[in-house]
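>>> Need the 3D shape of this:
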Amino acid sequence: MNSEGYPSDSVPLQGRYEGFHGQPGGSAGVQCITVSVPPEPPRDHIIWSLCCFLHSNPCCLGLAALIFSIKARDRKVVGDMEGARHYGSTARCLNIWATVLVSIMIVIFLIIVTTGLVQIKQAAQRYNLFNNNYRG
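Residues are numbered from 1 along each chain as shown. Next comes the predicted model:
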């Protein structure tokens, strides 16, 4: 990384290099660079809320999540980042609950369908066995 052969802690980020720090020909001051990173805007989870509302809306949780997502987006537009963060967090929780409930319902439905099909198959086999013994 350091092609000049200097130790990485003594290579300045900007300006020219005047030697190692603390040596008689070098600079005595230390450069500080402050990088200010703007905070990440709060998320409103509007897409997830729309999916929960349109495809899986158990107990109207998808509708509630969509309402809180819209409120979060409105707060973000106004500039109230703390309010947007609060509404976005509520929308996220509602979306998680809606997704979990729908997943559980799908698993239960699949279990019921597969056990029902097994029972129908067993009943058909018993019926065929009964008819074969009756005929002869």
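>>> ok, which stretches of the protein are helices?
46-55, 61-78, 81-135 (DSSP state H).
>>> What about the residue nearest to residue 97 when sequence neighbours are not counted, how many residues nearby?
In space, and not counting its chain neighbours, residue 97 is closest to residue 61: 5.5 Å by Cβ to Cβ, 6 or more residues apart in numbering. Yep, even glycine has a C-beta here, placed from its N, CA and C like the rest. A count of neighbours around residue 61, defined by other Cβ atoms under 10 Å, yields 23.
>>> residue contacts, residue 61?
Neighbouring residues of residue 61 by Cβ atoms under 8 Å, 6 or more residues apart in numbering: 52, 94-95, 97-98, 101.
>>> before we move on, what about residue 45?
65, 69, 72, 88, 91-92, 95 are the contacts of residue 45 under Cβ under 8 Å, 6+ apart.
>>> Quick check: the gap between it and residue 109.
Residue 45 sits 26 Å away from residue 109, going by Cβ to Cβ, to the nearest Å.
>>> repeat for residue 117
13 Å.
>>> separation between residue 109 and residue 61?
Residue 109 is 18 Å from residue 61, by Cβ to Cβ.
>>> go on, residue 45?
Residue 45 sits at a distance of 13 Å from residue 61 (criterion: Cβ to Cβ).
>>> sorry, back to before: so how far is residue 81 from the residue nearest to residue 97?
From residue 61 to residue 81 the distance is 25 Å (Cβ to Cβ).
>>> Can you select the buried ones among the contacts of residue 61 for me in PyMOL?
The buried subset of those, as determined by 16 or more other Cβ atoms under 10 Å, is captured in PyMOL by this line:
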select buried, resi 52+94+95+97+98+101
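>>> Closest one of the contacts of residue 61 to residue 31?
Nearest to residue 31 out of those is residue 95 (Cβ to Cβ; 46.8 Å).
>>> coming back round to it: distance to residue 35 and pLDDT added to the contacts of residue 61, as JSON lines?
Below are these laid out as JSON lines (distance: Cβ to Cβ, whole Å; pLDDT from 0 to 100):
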{"residue": "52", "distance to residue 35": "38", "pLDDT": "91"}
{"residue": "94", "distance to residue 35": "36", "pLDDT": "96"}
{"residue": "95", "distance to residue 35": "34", "pLDDT": "95"}
{"residue": "97", "distance to residue 35": "39", "pLDDT": "95"}
{"residue": "98", "distance to residue 35": "40", "pLDDT": "94"}
{"residue": "101", "distance to residue 35": "44", "pLDDT": "95"}
